Every structure is written in C-alpha cells, then in structure tokens.
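Q: Sequence plus the predicted model coming up.
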Amino acid sequence: MKTELLTADASSLQKAMDLLHSGEVVAIPTETVYGLAAVGLNPNAVKKVFSAKGRPSTDPLILHLPSADLKQAVQMGILSEKVPPEAFRLASAFWPGPLTMVLPRGPKVPDEVTAGLDTVALRYPAHPVAQQLLAMVGLPLAAPSANRFGRISPTDATSVMHELGGRIPLILDGGECTTGVESTVVSLVPSDPTILRPGMITFADIERVLGRAPQQKTKTLTPDQSMPAPGMLESHYAPQTPLFLTDQPISDIQPDMLFIHYHPPKSPLSSNQFVLSPQGDSATAARNLYRLLRQADARQGKAILMEPIPDSDEAPALRDRVQRASVGRATWSHGTWVLIRKNID
C-alpha cells in the first residue's frame, strides 16, 4: 500500500473524510500524539486499526468525539443515559484537551472499541485539525497512537511514516504535537473517580474541579489481560535500543551508550547526549520525550540511559511513560554504568 503524507488543508481533510467514511484508517494529529483514526462505530474499520498497529484486541481504544457535548454523545448512542454528574464537570473544565473519561457505554459502540467491556473511553481533542476533521465526519473516531504496538508514540508526521508507512493510505501533517504524551485517563465508574493513566491533566487538577481527590490505579497488565483503559501494559512506549533509568543524575559519559539528561549538564554536550528540558520545566520535558527517545534510538548505541524525573505535578505522567518504556535501571559503580534488567514475570 502506498502511504500519502499530506499537509492538513481543505483538500487533504476532504480526502481524509472520504477515506474514513469508506471504512479506511487515517493518521491524524492531536495535541497529545498522532492518532490512527477510524470511524469508531464501524467494527470493520476499527479492526483495521488493530491490524495496522499489531495491537491486541484486549486493549480498548479511545473514541474522539465530534464535540464536547456529552448529552449529544448520549443521543448518538455512544454513552448510556447513566452519565455521572462528575463527567459534565470534568468536560466543562478540560475539554477540549488531554483528558479521557471512562464512562458507561452506549448501545451504538461496538465491542471492538471497548474490548467487550461495558464502558467506553472518550475525549474531545484540542488540536484544530482533529476538531475540523471530527466535525466534517460527524461521528466519533477511534484513534490510538499511530505507531506499531508497544513502540514510541509519534509526535510528528514523519515519525508516523516511519512507523506505519505502507500500512495505511494517508497521514495528515498538522505539525508537532504540543502536549507530547498521551491523555490522562480517569474512570468514573463504578463509583469514585480513579486515574487509570496519568497525563498532563494532573491529580491536583482533577481534585480541584471535583472537590475531592481521585483514586489512583495504574496497575500494569500483560497483553492477554483485558484492560479498562489504554496504556496500562507493563511494556509500552519503548525504543528498540534498551532504555535504562538511572538512579542519579548523569555525570559520567561512556562512548558506547546514549544519555538523556533532564536538565542541561554543565559540560558541553557530545553527540550521544540529549537534554529533555532545557528550561527545566515538565511541560517542555513532556513535549520532547518521545522525539528525543526516537533520536537516541536512531543512534543505535548499546543502551539509552535516562536521568530521574524531578518532582512536579506532571512528574507521574513522565515517570509512567519512561518506566513502561524501560527494560531496567542503571547505577554507577566502580567507574562504569552497571545495567540491571527488570524482573518481568
């Protein structure tokens, strides 16, 4: 299959809409990462998403809505009528934006989207291209990250081409993603709000809106287990070069390894060093994370070593991604980095 990469404009959006209505898949930009979109109410189209990514059917998809109106989602059969009041408060506060809510599923949502669960994950994205396409299609789009399953999520169109070129017909180029990591996922069923995947909408943000602290449940799962939300696998977001997390800031550089610093080091950077946040803030670190992992991966060193993520409200999201992407930890001992692999059952 030939894959076209087109700048998002009126002509390419029309082409994307036609492909989606015909049951095809299209890669689209969102503010978090690029997504591989299909009409979420078309089971056969959704199956093409799983096929292109090599994604297990036990891993549910997020439906991206054509508007932030939850009442409209109920009328369309996407949600059941039993929408908790907290959902409306969170949608009002954070949509459009990088928040996904797990809610009671409506009758029109196919099992392929939800992994057979009685809940569905929904969000309304902030990217103008995604919003325009959703409005044109007029239906929810299932759109997990536009990469091969388990690999680094793409935050630009060229990375999507590297991942899925030859597997899908069209990639819409809407520039680099501004958030850079996947959305926060909060479940509102069966009772107390629970964060299933941390993101840049933080624990404190949600507590401020709801007036009570959400629970946290970020248990890691294996591909054969049914998951309540995306992004809960033990191994995910991973480069091909083994990634190890250091237990201290990096000051000793070895030529056969690649190093990702959080802050700029005092000494000049060599070709095998990268800086996650030149300004020292977590928003920049999130925006740069996947791009730098891809750049380091392309150097094909023995291993990639990454410094600890400093404390901040957004730190849980960054730590979640790098822990799932890593294969172990690295510690400096007797003049060398010792690489210790995870014990994964």
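A: Yep, that arrived. Residues are numbered from 1 along each chain as shown.
Q: Which parts of the stretch 51-200 of the chain are strands?
A: Here the stretch 51-200 of the chain has its strands, by DSSP state E, counting those that start in this stretch, at 62-64, 99-104, 119-123, 141-142, 170-173, 184-187, 194-197.
Q: Let me have those in JSON lines, extended by mean pLDDT.
A: Below are the strands of the stretch 51-200 of the chain laid out as JSON lines (pLDDT from 0 to 100):
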{"stretch": "strand 62-64", "mean pLDDT": "98"}
{"stretch": "strand 99-104", "mean pLDDT": "98"}
{"stretch": "strand 119-123", "mean pLDDT": "97"}
{"stretch": "strand 141-142", "mean pLDDT": "98"}
{"stretch": "strand 170-173", "mean pLDDT": "98"}
{"stretch": "strand 184-187", "mean pLDDT": "97"}
{"stretch": "strand 194-197", "mean pLDDT": "95"}
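Q: The ones you listed into a markdown table, with extra columns for distance to residue 316?
A: Just so you know, the C-beta spots here come from the backbone N, C-alpha and C atoms, and that holds for glycine as well. Formatted as a markdown table, the strands of the stretch 51-200 of the chain follow (distance: least, CB to CB, whole Å):
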| stretch | distance to residue 316 |
| --- | --- |
| strand 62-64 | 19 |
| strand 99-104 | 15 |
| strand 119-123 | 19 |
| strand 141-142 | 26 |
| strand 170-173 | 31 |
| strand 184-187 | 10 |
| strand 194-197 | 9 |
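Q: Looking at the ones you listed, which is nearest to residue 307?
A: strand 194-197 (22.8 Å; CB to CB).
Q: Return the helix or strand in the protein with minimum mean pLDDT.
A: strand 215-216 (a mean of 88; mean pLDDT, DSSP states H and E).
Q: hang on, the earlier thing: let me have the strands of the stretch 51-200 of the chain in JSON lines, adding distance to residue 335 and mean neighbour count as columns.
A: Shown next, in JSON lines, are the strands of the stretch 51-200 of the chain (distance: least, CB to CB, whole Å; neighbours: other CB atoms under 10 Å):
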{"stretch": "strand 62-64", "distance to residue 335": "47", "mean neighbour count": "28"}
{"stretch": "strand 99-104", "distance to residue 335": "46", "mean neighbour count": "25"}
{"stretch": "strand 119-123", "distance to residue 335": "48", "mean neighbour count": "25"}
{"stretch": "strand 141-142", "distance to residue 335": "51", "mean neighbour count": "28"}
{"stretch": "strand 170-173", "distance to residue 335": "46", "mean neighbour count": "24"}
{"stretch": "strand 184-187", "distance to residue 335": "42", "mean neighbour count": "27"}
{"stretch": "strand 194-197", "distance to residue 335": "39", "mean neighbour count": "22"}
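Q: and residue 47, which of those strands is closest to it?
A: strand 141-142 (10.4 Å).
Q: helices or strands up against that closest one?
A: strand 35-39, strand 62-64 (3 or more CB pairs under 8 Å, 6 or more residues apart in numbering; DSSP states H and E).
Q: Nearest to residue 178, out of these?
A: strand 35-39 (14.3 Å).
Q: Looking at that closest one now, give me its mean pLDDT.
A: In this model, strand 35-39 has an average pLDDT of 98.
Q: List the contacts of that strand.
A: 20-21, 23-29, 45-46, 48-49, 52-53, 64, 130, 133, 137, 139-146, 164, 168 (CB atoms under 8 Å, 6 or more residues apart in numbering).
Q: got the CA positions of stretch 106-114 in CSV?
A: Presented in CSV, the C-alpha positions along stretch 106-114 are these (Å, rounded to 0.1, in the frame of the first residue of the first chain):
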residue,chain,number,x,y,z
GLY,A,106,-24.0,3.3,24.9
PRO,A,107,-25.7,0.8,22.5
LYS,A,108,-24.0,2.0,19.3
VAL,A,109,-20.4,1.4,20.4
PRO,A,110,-19.1,-1.9,19.0
ASP,A,111,-17.2,-4.5,21.2
GLU,A,112,-14.1,-4.0,19.0
VAL,A,113,-13.7,-0.5,20.5
THR,A,114,-14.2,-1.4,24.2
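Q: end-to-end on stretch 56-66?
A: Chord length of stretch 56-66, first to last residue, is 26 Å (CA to CA, to the nearest Å).
Q: Report the buried residues of that stretch.
A: 56, 58, 59, 60, 61, 62, 63, 64, 65, 66 (16 or more other CB atoms under 10 Å).
Q: got a list of what the residue nearest to the fifth one when sequence neighbours are not counted touches?
A: Think residue 61. Distance criterion CB to CB, 6 or more residues apart in numbering; nearest residue to residue 61, sequence neighbours excluded, is residue 142 at 4.2 Å. By CB under 8 Å, 6+ apart, the contact list for residue 142 reads 37, 38, 39, 40, 46, 49, 61, 62, 63, 64, 113.
Q: So what pairs up with residue 142 in the strands?
A: On the basis of DSSP bridges, residue 142 is bridged to residue 38, residue 63.
Q: Do a quick rundown of the helices in the stretch 201-345 of the chain.
A: Per DSSP state H, counting those that start in this stretch, the stretch 201-345 of the chain carries helices over the ranges 203-210, 282-299, 315-325.
Q: Name the residues of the second one that are buried.
A: By neighbour count, with 16+ other CB under 10 Å as the criterion, the buried positions of helix 282-299 are 282, 285-294, 296-297.
Q: Same list, those, but as CSV with distance to residue 96 and pLDDT please.
A: As requested, the buried residues of helix 282-299 are exported to CSV (distance: CB to CB, whole Å; pLDDT from 0 to 100):
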residue, distance to residue 96, pLDDT
282, 21, 95
285, 23, 97
286, 18, 97
287, 18, 97
288, 23, 98
289, 22, 98
290, 21, 98
291, 23, 97
292, 27, 98
293, 27, 98
294, 27, 97
296, 32, 97
297, 31, 97
